[in-house]
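K.L.:
what shape does this take:
(one chain, ligands or ions: 2)
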Amino acid sequence: MAIWLGSIADDYTGASDLANTLTKNGLRTVQTVGIPDPSLALPDIDAVVVSLKIRSVPASEAVNAATKAERWLRHQGAGHVLYKICSTFDSTDAGNIGPVTEALSEAAGGGGVLVTPAFPETGRTVYLGHLFVGGQPLNESPLKDHPLNPMHDANLVRVLSRQSRGAVGLIDLAAITAGAAAAKAKLDALARTGATMAIADAIFERDLETLGEIALETPVSSGASGLGLGLARALVRSGRISGSATGEDVIRPVGGLSAIIAGSCSKATLRQLDIAERVMPVLRLDPERLLAAGPDQIAAAISWAGDRISAGPVVVAASAAPETVSRLQSQYGREASGHAIETATSIIAAELVERGVRRLVVAGGETSGAAVDRLAIPAFLIGPEIAPGVPVLRTVGNTQGDMLLALKSGNFGGEDFFAAALAMMR
Ligand SMILES: Nc1ncnc2c1ncn2[C@@H]1O[C@H](COP(=O)(O)OP(=O)(O)O)[C@@H](O)[C@H]1O
Ligand SMILES: O=C(O)[C@@H](O)C(=O)COP(=O)(O)O
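P.N.:
Ligands and ions are numbered 1, 2, ... in the order given. The predicted structure follows:
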């Protein structure tokens, strides 16, 4: 297997979002869970997205895991490695977007690195270094209430500077509109003045195509699916790849039972749960009781699902509104409560698979990571898109046999996402 493009994704939903974009833009792509075991047989591919669960771990741990993945990807032939971050730049001041990007760049010999979370298809645009989510600046969007990475500053040059050792520059829209050569000259000039990274503006896909072309001339970039789109199109334009990927055969039916597990507390997921409740049974876990009396609550949820699941899909959700999340966090701490809930939802997911679930939807990045890890799924093939950023996935090398999954980023999908996903998973 020799690949053109490698990516390290900081969470599993982000990985499938990027793998979806690469597939849609013509690259035959596989999403692996961590660095795959050498015995895992992978088909002929153009790109690999290595999913890591490092978005919310200490920066040194993230650097360690990401540099190992980079070495593996280079060994597979990757000329360019994209660090896939969230399109809403989810991270704290102690976060790892800066440290990981700088470490990957150093490993590849240095030089300025392009960084942009822009993903216009889902409403994420960057102008003068400020990130907008739909019509709102990041710090006024629902991301200000994220349970793990509340975002209070829309100025990404500032956010990234607070995390990084080197200086952070800006490549503004004017430079990008002037074309790839002008924007690359700006990146090189910034690097000469000591900037290790530059936030790049992007509003339209054409801006991302320009950025993809520049990024491909460098060994490393950091960004969301939008930059993936730019890189994929640049690779296809360069003639190195035929651009023939399709995802249709991936959704051959697997049968079995179906279930949905939700741990995202995003506004979009809360709405999707309300809508799902009209058409399927939904169990709302009580997170306070879950933290106080874990195993009993988990057993009760499994028994509730077991009583209903042979009649049709069921939903088990920990998700709650910001006030409830804050209350729980002030009692148990942010990380401890998030981790305990992820552990509980992953145990419930694994038990349901044990009882015959073969079609599984998981809402939430950290929640998906915990569930996929517990299920020990080694890799995924990428199927058709359910909603922007969310493809149907088919397991590769899974010991329980083939399964179809959808790993939904909390913020993604229309209000009927859960029914729409299951309708594509037979
Ligand atoms: N009711 C709750 N109170 C506090 N934290 C919660 C609650 N429900 C879920 N969580 C935690 O919130 C975090 C949501 O993150 P994640 O799964 O990545 O979702 P998203 O994709 O929206 O970012 C997880 O750590 C999850 O365990
Ligand atoms: O880039 C994005 O927005 C997504 O791919 C993503 O990473 C979202 O993260 P979660 O909301 O934590 O799933």
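K.L.:
dump the residue contacts of the closest residue to ligand 1 within the chain.
P.N.:
Per Cβ to the nearest ligand atom, Gly410 is where the chain lies closest to ligand 1, at 2.0 Å. For every residue, glycine as well, the C-beta is placed using N, CA and C. Residues near Gly410 by Cβ atoms under 8 Å, 6 or more residues apart in numbering: 13, 264-266, 268-269, 363-365.
K.L.:
what about the helix or strand of the chain with the lowest mean pLDDT, near ligand 1?
P.N.:
Of the helices and strands making up the chain, the lowest-confidence element is helix 287-292, at a mean of 86, by mean pLDDT, DSSP states H and E. Yes - applying Cβ under 6 Å from any ligand atom, one finds helix 287-292 in contact with ligand 1 at Pro287.
K.L.:
mind listing what's buried in that helix?
P.N.:
Within helix 287-292, the residues that count as buried by 16 or more other Cβ atoms under 10 Å are 287-288, 290-291.
K.L.:
could I get the residues you listed as a markdown table with distance to ligand 2?
P.N.:
Conversion of those to a markdown table gives the following (distance: Cβ to the nearest ligand atom, whole Å):
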| residue | distance to ligand 2 |
| --- | --- |
| Pro287 | 18 |
| Glu288 | 23 |
| Leu290 | 20 |
| Leu291 | 21 |
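K.L.:
and the two most separated of the contacts of Gly410?
P.N.:
Taking Cβ to Cβ as the measure, the contacts of Gly410 span a maximum distance of 14.2 Å, between Thr13 and Cys265.
K.L.:
ok but Leu114 is inside a helix, no?
P.N.:
No - assessed with DSSP: H, G, I helix; E, B strand; the rest coil, Leu114 is strand; it does not lie in a helix.
K.L.:
thinking again about what came up before, closest one of the buried residues of helix 287-292 to Ala118?
P.N.:
When the buried residues of helix 287-292 are compared for distance to Ala118 (Cβ to Cβ), Pro287 wins out at 33.7 Å.
K.L.:
could you export the top strand by length along the chain as PDB, CA atoms only?
P.N.:
If you go by DSSP state E, the chain has its longest strand at strand 379-387. This file holds the C-alpha atoms of strand 379-387, laid out as PDB (Å, rounded to 0.1, in the frame of the first residue of the first chain):
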ATOM      1  CA  ALA A 379     -10.800   0.500  10.700                       C
ATOM      2  CA  PHE A 380     -13.600   1.700   8.500                       C
ATOM      3  CA  LEU A 381     -14.400   2.000   4.800                       C
ATOM      4  CA  ILE A 382     -16.300   5.200   3.800                       C
ATOM      5  CA  GLY A 383     -19.800   5.000   2.400                       C
ATOM      6  CA  PRO A 384     -22.200   7.600   1.100                       C
ATOM      7  CA  GLU A 385     -22.900  10.800   3.000                       C
ATOM      8  CA  ILE A 386     -25.900  11.000   5.400                       C
ATOM      9  CA  ALA A 387     -25.500  14.700   6.000                       C
END
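K.L.:
can you name the next helix or strand after the least confident helix or strand of the chain?
P.N.:
For helix 287-292, the following helix or strand on the C-terminal side (DSSP states H and E) is helix 294-308.
K.L.:
so who does Leu190 touch?
P.N.:
112, 169, 171, 198.
K.L.:
sorry, that was for Val316
P.N.:
Counting by Cβ under 8 Å, 6+ apart, Val316 makes contact with 259-262, 282-283, 285, 301, 304-305, 345, 348.
K.L.:
show me what it bridges to in the sheet.
P.N.:
Ile261, Leu283 (DSSP bridges).
K.L.:
make residue 1 into 141 and carry on from there
P.N.:
Renumbered: residue one is now 141, and that last one reads Val456.
K.L.:
any idea how far Asp556 is from it?
P.N.:
19 Å (Cβ to Cβ, to the nearest Å).
K.L.:
so Leu397 touches Arg498, yeah?
P.N.:
Yes - taking contacts as Cβ atoms under 8 Å, Leu397 lies within contact range of Arg498: 6.8 Å.
K.L.:
contact residues of the stretch 191-340 of the chain facing ligand 2?
P.N.:
Residues of the stretch 191-340 of the chain lying near ligand 2 (Cβ under 6 Å from any ligand atom): 226-228, 259.
K.L.:
ok, and the most crowded of those?
P.N.:
The most crowded member of those, judged by other Cβ atoms under 10 Å, is Ser227 (30 neighbours).
K.L.:
grab the nearest non-local neighbour of that one.
P.N.:
Ala364 (3.7 Å; Cβ to Cβ, 6 or more residues apart in numbering).
K.L.:
what number of residues lie near the one you found?
P.N.:
Ala364, neighbours per other Cβ under 10 Å, totals 27.
K.L.:
what distance do you get for it to Lys224?
P.N.:
On the measure of Cβ to Cβ, Ala364 and Lys224 end up 7 Å apart.
K.L.:
if I look at the two, which residues touch both of them?
P.N.:
Joint contacts of Ala364 and Lys224 (Cβ under 8 Å, 6+ apart) are 154, 157-158.
K.L.:
mind listing residues that contact stretch 271-280?
P.N.:
Contacts for stretch 271-280 (Cβ under 8 Å, 6+ apart): 228-229, 257-258, 263-266, 270, 281-284, 291-294, 296.
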